[in-house]
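Peer 1: The sequence and its predicted three-dimensional model are supplied below.
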Amino acid sequence: MVDKNKLKSLVGDLYNIVNELEEMFPGRHFTPDGHMVGSLGECLVANAYDLELLTASNKGYDAIAKCGTKIEIKATQAKSVAFRSEPEHAIVIKILPDGSFEEIYNGPGSLVWQQFSEKKLPSNGQFQISLAKLKVMNKSVRFEERIRP
């Protein structure tokens with residue numbers, strides 16, 4: 001089992017290094033992005049919710065809950081996330097500079113996917129949804145529909 005405090009500390013250290021590099025080189029950005037943010041988010045969520053994390057780039061879901069639910073984990077530092085397909089369940093987080101995270105959405109993937117029903121598939125194959133919209137949607141998710149830590 002992974003030491004949850006150490007994971008949070010290491011992620012916090014990473015963001016401290018980013019800040020130091022940006023101070024050393026004004027005008028340059030060292031923001032972690034892409035695969036690194038996704039992997040960090042998957043690890044943070046899997047540890048926080050006691051999920052079985054699957055191998056990287058598993059199609060359609062990243063982890064499995066003890067109840068057997070397949071979970072798509074989305075992590076960002078931006079204002080939106082993207083979905084390629086309808087997940088069974090989605091947990092969306094925003095990674096914070098101290099190594100912790102804010103849960104933005106934790107609920108059925110169908111609620112997220114419904115937001116795209118009237119939209120044409122973008123050329124990159126990914127539908128974007130804002131964190132603001134997901135936060136509003138999260139308020140309507142019933143307690144029993146959530147994956148709990």
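Peer 2: Right, received. Where do you want to start? None of the values given here were measured: they were computed from a predicted structure. Numbering: from 1, shown residues only.

Peer 1: in the chain, which segments are predicted with low confidence?
Peer 2: Along the chain, the model assigns pLDDT under 70 to residues 1.

Peer 1: if we go to 90?
Peer 2: Within the chain, the set of residues satisfying pLDDT under 90 comprises 1-5, 8, 27, 29-36, 38-39, 55-60, 77, 97, 99, 149.

Peer 1: mind checking the longest helix of it?
Peer 2: When the chain is parsed with DSSP state H, its longest helix is helix 4-24.

Peer 1: For that helix, which outside residues touch it?
Peer 2: Helix 4-24 is contacted by residues 28-32, 40, 43-44, 47-48, 95, 97-100 when judged by CB atoms under 8 Å, 6 or more residues apart in numbering. C-beta coordinates here come from the backbone N, C-alpha and C atoms, glycine included.

Peer 1: and Leu131, how far is that from Tyr49?
Peer 2: Look at Leu131 and Tyr49: by CB to CB, to the nearest Å, they are 19 Å apart.
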